[in-house]
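Have a look at this fold, sequence not included:
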């Protein structure tokens with residue numbers, strides 16, 4: 001599954017599905033108001049999401065209410081005293097504000113997450129005749145720390161009993 005959200009005019013909508021009743025549904029995320037939409041097709045869900053946001057904005061205007069935005073660009077966080085102190089020291093050492101230090105750390109984590117999400121996934125397949133052997137997954141998980149693991153693609157083809165080739 002690729003995206004679990006949609007975006008329109010700064011609003012983010014979730015994408016959910018109900019297998020039993022065979023329909024898609026969602027809601028506008030990160031606002032206190034309840035704004036929902038549903039459809040039986042992906043194209044229809046996109047259309048209903050846009051209509052729901054447009055209706056929300058029109059309703060707010062009609063009743064004289066300021067529509068909520070998903071994100072305003074500021075947030076309060078609780079780091080704890082020790083983490084707050086360490087972050088402030090690191091920011092000072094880098095000659096930047098604490099706000100910029102935290103913003104940079106968040107952006108770095110988001111970029112790392114986006115790269116990981118777009119990286120190809122490794123899949124290991126096992127054949128019955130080799131099921132008792134050490135599997136590559138075991139080697140990776142046991143010997144290499146997670147932060148040092150890398151994604152790679154390979155396929156091993158059994159050419160004969162004593163010969164195999166790596167692609």
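Received, thanks. Nothing here was measured: the structure is a model prediction, and the numbers come from that model.

Please report the residue range of the longest strand in this structure.
strand 23-29 (DSSP state E).

average pLDDT for that one?
Across strand 23-29, the average pLDDT comes to 95.

Can you show me the helices along the protein?
42-63, 81-93, 98-118, 136-143 (DSSP state H).

Pull out the buried residues from the second one.
This means helix 81-93. Residues of helix 81-93 classed as buried: residue 91 (neighbour count, 16 or more other CB atoms under 10 Å). All C-beta spots, glycine's among them, are computed from the backbone N, C-alpha and C.

where does the protein have low pLDDT?
Within the chain, the stretches falling below the threshold (pLDDT under 70) are 1-2, 117-167.

The closest residue to residue 60 other than its chain neighbours: how many residues sit nearby?
What sits nearest to residue 60 in space, not counting adjacent residues and going by CB to CB, 6 or more residues apart in numbering, is residue 67, at 4.1 Å. Using other CB atoms under 10 Å, residue 67 is surrounded by 17 other residues.

The one 10 residues further on now?
The number of residues packed around residue 77, counting by other CB under 10 Å, is 8.

Residue 56 too?
Residues within reach of residue 56, counting by other CB under 10 Å, total 19.

What of residue 49?
Using other CB under 10 Å, residue 49 has 27 other residues around it.

can you pull the contacts of it?
Listed by CB atoms under 8 Å, 6 or more residues apart in numbering, the contact set of residue 49 reads 6, 8, 13, 26, 28, 37.

Please look at the second one and residue 53 and confirm they touch.
Right, the one you point to is residue 8. Yes. Counting by CB atoms under 8 Å, residue 53 is a contact partner of residue 8 at 5.2 Å.

which of those two has more neighbours?
Each of residue 8 and residue 53 has its neighbours counted (other CB under 10 Å); residue 53 has more, 22 against 15.
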